[in-house]
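Visitor: sharing a model that was predicted from the sequence below.
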Amino acid sequence: MIRTALADFVSLIFPRVCLACEEPLACGEDHICTGCRAQFPYTDYHKLPSSENPLARKFWGKLPVRYSLSYLRFLRRGRVQHLLHQLKYQGQQDVGRVLGRWYGAELADYSLGTEFDLIVPVPLHPRKLAKRGFNQSDTFAEGLSVSLQVPWSATALRRTEHTDSQTQKNRAERWQNVAEVFEVAQAAEVLNKRVLIVDDVLTTGATLEACAAALLAAGCSEVSIATIACAEN
Ligand SMILES: [Zn+2]
């Protein structure tokens, strides 16, 4: 009771706001308000057969991807973009953890909890990691790991080259740019495992494809992908 009163008092002085819409959070709400949670553009790809999953189509004819999953649709100037900005540039690591926990719980409800042996986030280049202080994909992996009860590893994959900024490049150049930059650090860690590769946002899919290729080459038995959000074009 005293604790609640104290928490209420603290939130009067430092109001906790929703990290998606900036409105004050009600008691018991966890970083994201109930209203945003109800209105998020969920993809629900895990409920679709693979033939109808637009994300799965991005990998057809390139690599065998078992499950292609994304929690939200990325809409510019919307709440999802705001959330991802908070995570990536404002150091709000709880965004990734909370979304990972929620998404993991939903996937577990759809019996996907037993489909993966290891969760592997897309690594940042060490220089970028040092600058940002954390890898936003690690936070999502951590949340998913809690709900799915599947271990995650921040060290299974590593980047070998620094990539230039990708924004000025076309799709083919982007692929060239990332194709060689991921490698598996310890093959024994992924050998014969069903790996779920996770990232914050998927646009072309080239980065996840490069990670999947490296993991498959190192002997993992199958790869799946999951992102916080994906662009639908
Ligand atoms: Zn909100």
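Guide: The structure has been received and is ready for your questions.
Visitor: using the three-state scheme, assign the closest residue to residue 95 other than its chain neighbours.
Guide: Excluding its sequence neighbours, the residue lying closest to residue 95 (CB to CB, 6 or more residues apart in numbering) is residue 87, at 4.0 Å. Using the backbone N, CA and C atoms, a C-beta is placed for each residue, glycine as well. Reducing the assignment to helix, strand or coil with DSSP: H, G, I helix; E, B strand; the rest coil, the entry for residue 87 is helix.
Visitor: does any part of the helix of greatest length in the chain sit near the ion?
Guide: For the chain, the helix reaching the highest residue count under DSSP state H is reported as helix 93-109. No - judged by CB under 5 Å from the ion, helix 93-109 stays clear of the ion, getting no closer than 11.9 Å.
Visitor: for that helix, the distance to its chain's centre please.
Guide: When distances are taken as CA atoms, centre = their mean, to the nearest Å, helix 93-109 is centred 9 Å away from the chain's centroid.
Visitor: what's downstream of that helix, the next helix or strand?
Guide: Scanning forward in sequence from helix 93-109, with DSSP states H and E defining helices and strands, the next element found is strand 118-121.
Visitor: elements contacting that following strand?
Guide: Applying 3 or more CB pairs under 8 Å, 6 or more residues apart in numbering; DSSP states H and E, one finds that strand 118-121 makes contact with helix 136-148, helix 187-190, strand 194-202.
Visitor: same thing but at 6 Å, please
Guide: Packing partners of strand 118-121 (3 or more CB pairs under 6 Å, 6 or more residues apart in numbering; DSSP states H and E): helix 136-148, strand 194-202.
Visitor: as JSON lines, those with distance to residue 217 would be great.
Guide: Listed next are the helices and strands packed on strand 118-121 as JSON lines, based on distance: least, CB to CB, whole Å:
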{"stretch": "helix 136-148", "distance to residue 217": "21"}
{"stretch": "strand 194-202", "distance to residue 217": "12"}
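Visitor: could you dump these to a markdown table with mean neighbour count, mean pLDDT and distance to residue 126?
Guide: Formatted as a markdown table, the entries for the helices and strands packed on strand 118-121 read as follows, by neighbours: other CB atoms under 10 Å; pLDDT from 0 to 100; distance: least, CB to CB, whole Å:
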| stretch | mean neighbour count | mean pLDDT | distance to residue 126 |
| --- | --- | --- | --- |
| helix 136-148 | 24 | 98 | 14 |
| strand 194-202 | 25 | 97 | 17 |
